[in-house]
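Engineer: this is the structure alone, sequence omitted:
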Ligand code: NAD
């Protein structure tokens, strides 16, 4: 059986298909999934276009009920779908279940938001004239998503898109179609009319390229790497489309002499190599001041060595596998680069052979790192965390800000003065104090600065900015 695409309310065969392999056990085939061609992508866009006028004008109650239905089913099936997620992507089961829970909560949140699409009334400076500002749907939106949060990211793009009255074409990552398919299956039973939501699985270049280039896609929300993001942005903006993008990170975590060491180690390890380092917000650059640096490096190394790498579904595993062989090659390449640059691999970094054949790698702490080294400047997206020494707070802040990527940042300190100063002067889009840089709520704005992001914020009520277009209306009452 092949899991099909969903176009105009119909499950649709495709010319091609791809095999979805469990990275924890390469003999376990999760399923075969349809690969759309350009024609199917065009059909999906056409269906979304045709469904737009009616959906734009639907009662907010219908939208709220449908989104609530989706959220309720995701939450009810979190254990089953969390297991599927862990099989497909490789994050450990508690994280898989946690991610499905998050997706359910996101739909529940936007079910309520569908009822709160408020405008505003402004008094005109001219007597007798009324001005009101409305927020209308943008139109057909394309959603392109990465593999590392295979249901949370499709959820946090799809739910606001639908809540605010847009129609959708979703293209998930090639590596993780199962979660997008499972979400689509629930959406298909939610009461949402045909054509309003469409799923086209398949190649980034072909299907994603078609969504980016099509003049019939009004807005495109993308999450993925900086390199792909650039290609997508150029295609969308060149034709006058609206783009929103969340991309790579190399988030710093500053640890000052006065930090609580135990908490700093938990943040430094828990926010980096855990989840196999496959989070955009991971704190992969630890910047410590001299009074704590040596102790921190030693304690991080001890904590990292104790982490158990294993099959994502085994209870004893702290860390699952790397997602695929290509990502493993990237990780191994950067370990070698770090060595050649003169950094010290304190622990880990090697590929592991375990009972199941999978893409296993021991998480690595890299000491004696500096901010000019390639493995520190470039996003690896694997279980590798580098530790740098700074002279003092100002130097640490300067190093933290010395990056093209500025998604998230953090500081561990007991000093209110430094915490407040860091919140003001960090150049990142999100700042954490005494917390890992990874781990954000679903009801507040999410996003970075510099090359990490483009356009307005995702999540919470901030999503309204991207998924609606404002209209200013004037009235002069004549009688
Ligand atoms: P990727 O850029 O390789 O792929 C992302 C998506 O783009 C996939 O669906 C892919 O098929 C599609 N794509 C590929 N080529 C395309 C093209 N030419 N035109 C249109 N679409 C195309 O990223 P990935 O490997 O799936 O994900 C990992 C990256 O995502 C990391 O850089 C990570 O930091 C980033 N990420 C960022 C966030 C965030 O919110 N900032 C969240 C998760 C992941």
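Structural biologist: Sure thing, it's come through. Computed from a predicted structure; not experimentally measured. Residues are numbered from 1 along each chain as shown.

Engineer: so which residues on the stretch 151-300 of the chain come close to the ligand?
Structural biologist: By CB under 6 Å from any ligand atom, the residues of the stretch 151-300 of the chain that approach the ligand are 171, 173-174, 204-205, 208-209, 212, 223-225, 228, 231-232, 246-249, 280. C-beta coordinates here come from the backbone N, C-alpha and C atoms, glycine included.

Engineer: lowest-pLDDT helix or strand in the protein?
Structural biologist: The helix or strand of the chain with the lowest confidence, counting by mean pLDDT, DSSP states H and E, is strand 120-123 at a mean of 94.

Engineer: list the helices and strands it packs on?
Structural biologist: strand 130-137 (3 or more CB pairs under 8 Å, 6 or more residues apart in numbering; DSSP states H and E).

Engineer: pull out the buried residues from the strand it packs on.
Structural biologist: 135, 137 (16 or more other CB atoms under 10 Å).

Engineer: before we move on, what about stretch 207-217?
Structural biologist: Buried residues in stretch 207-217 (16+ other CB under 10 Å): 207-214, 216-217.

Engineer: so for the closest residue in space to residue 280 that isn't next to it in sequence, what's the pLDDT?
Structural biologist: Excluding the flanking residues, the one nearest residue 280 by CB to CB, 6 or more residues apart in numbering is residue 249, at 4.7 Å. pLDDT recorded at residue 249 is 98.

Engineer: wait, doesn't residue 249 sit right on residue 404?
Structural biologist: No - counting by CB atoms under 8 Å, residue 249 does not reach residue 404; the two are 10.6 Å apart.

Engineer: what pairs with the least confident helix or strand of the chain, parallel or antiparallel?
Structural biologist: strand 130-137 (antiparallel) (DSSP bridges).

Engineer: just how off-centre is the strand it pairs with within its chain?
Structural biologist: Centroid separation between strand 130-137 and its chain, computed with CA atoms, centre = their mean, to the nearest Å, is 31 Å.

Engineer: what's next to that strand, contact-wise?
Structural biologist: With CB atoms under 8 Å, 6 or more residues apart in numbering as the test, strand 130-137 has contacts from 52, 55-56, 117-124, 164-166, 464, 467-477.

Engineer: what average pLDDT does that strand get?
Structural biologist: When pLDDT is averaged over strand 130-137, the result is 97.

Engineer: ok, the most centrally placed residue in the chain - contacts?
Structural biologist: The residue lying closest to the centre of the chain (CA atoms, centre = their mean) is residue 153, at 5.2 Å. Taking CB under 8 Å, 6+ apart as the contact definition, residue 153 lies against 145-146, 223.

Engineer: now the terminal residues of stretch 205-220, how far apart.
Structural biologist: One end of stretch 205-220 to the other measures 15 Å (CA to CA, to the nearest Å).

Engineer: out of the contacts of strand 130-137, which are buried?
Structural biologist: Here, 16+ other CB under 10 Å leaves 52, 55, 117, 164-166, 464, 467-469 buried among those.

Engineer: low pLDDT regions in the stretch 201-350 of the chain?
Structural biologist: The stretch 201-350 of the chain contains no residues with pLDDT under 70.

Engineer: show me where it has its helices.
Structural biologist: Using DSSP state H, counting those that start in this stretch, the helices of the stretch 201-350 of the chain run over 209-213, 226-238, 261-270, 290-305, 325-340.

Engineer: what's the most buried one of the ones you listed?
Structural biologist: Across the helices of the stretch 201-350 of the chain, the average number of neighbours (mean count of other CB atoms under 10 Å) peaks for helix 209-213, which reaches a mean of 23.

Engineer: output the contacting helices and strands for it.
Structural biologist: So helix 209-213, by 3+ CB pairs under 8 Å, 6+ apart, packs with helix 38-56, strand 140-144, helix 226-238.

Engineer: residue 465 belongs to a helix?
Structural biologist: Yes - counting by DSSP: H, G, I helix; E, B strand; the rest coil, residue 465 is found in a helix.

Engineer: what sits against it?
Structural biologist: Contacts of residue 465 by CB under 8 Å, 6+ apart are 456-457.

Engineer: got it, and the one 5 residues further on?
Structural biologist: Contact analysis of residue 470 by CB under 8 Å, 6+ apart lists 133-136.

Engineer: could you rerun that using 10 Å?
Structural biologist: 119-120, 133-136, 464 (CB atoms under 10 Å, 6 or more residues apart in numbering).

Engineer: and what about it, helix, strand or coil?
Structural biologist: Three-state assignment for residue 470 (three-state DSSP): strand.

Engineer: any idea which of the contacts of residue 153 has the most stuff around it?
Structural biologist: residue 145 (27 neighbours; other CB atoms under 10 Å).

Engineer: now residue 118: which helix or strand?
Structural biologist: Counting by DSSP states H and E, there is no helix or strand that carries residue 118.

Engineer: residue numbers of the stretch 1-150 of the chain in contact with the ligand?
Structural biologist: Applying CB under 6 Å from any ligand atom, one finds that the stretch 1-150 of the chain approaches the ligand through 144-149.

Engineer: please determine how far the closest residue to the ligand within the stretch 1-150 of the chain is located from residue 355.
Structural biologist: For the stretch 1-150 of the chain, the residue positioned closest to the ligand under CB to the nearest ligand atom is residue 146, at a distance of 3.1 Å. As judged by CB to CB, to the nearest Å, residue 146 and residue 355 stand 29 Å apart.

Engineer: I'd guessed residue 443 sits against residue 160; true?
Structural biologist: No - counting by CB atoms under 10 Å, residue 443 does not reach residue 160; the two are 11.5 Å apart.

Engineer: name the residues contacting each of the two.
Structural biologist: Contacts common to residue 443 and residue 160, judged by CB under 10 Å, 6+ apart, are 106, 109, 113, 459-462.

Engineer: got those residues as CSV, with distance to residue 424 and secondary structure columns?
Structural biologist: Converted to CSV, those look like this (distance: CB to CB, whole Å; DSSP: H, G, I helix; E, B strand; the rest coil):
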residue, distance to residue 424, secondary structure
106, 30, helix
109, 29, helix
113, 30, helix
459, 23, coil
460, 22, helix
461, 24, helix
462, 21, helix
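
Engineer: out of residue 443 and residue 160, which sits in the busier spot?
Structural biologist: Neighbour totals were compared for residue 443 and residue 160, and residue 160 leads with 28 against 14 (other CB under 10 Å).

Engineer: what about the more buried one, helix or strand, and which?
Structural biologist: Assigned by DSSP H and E, residue 160 falls within helix 152-163.

Engineer: any idea how this protein splits into domains?
Structural biologist: Here the domain parsing of the chain from automatic domain parsing is 2-247+452-475, 252-433.
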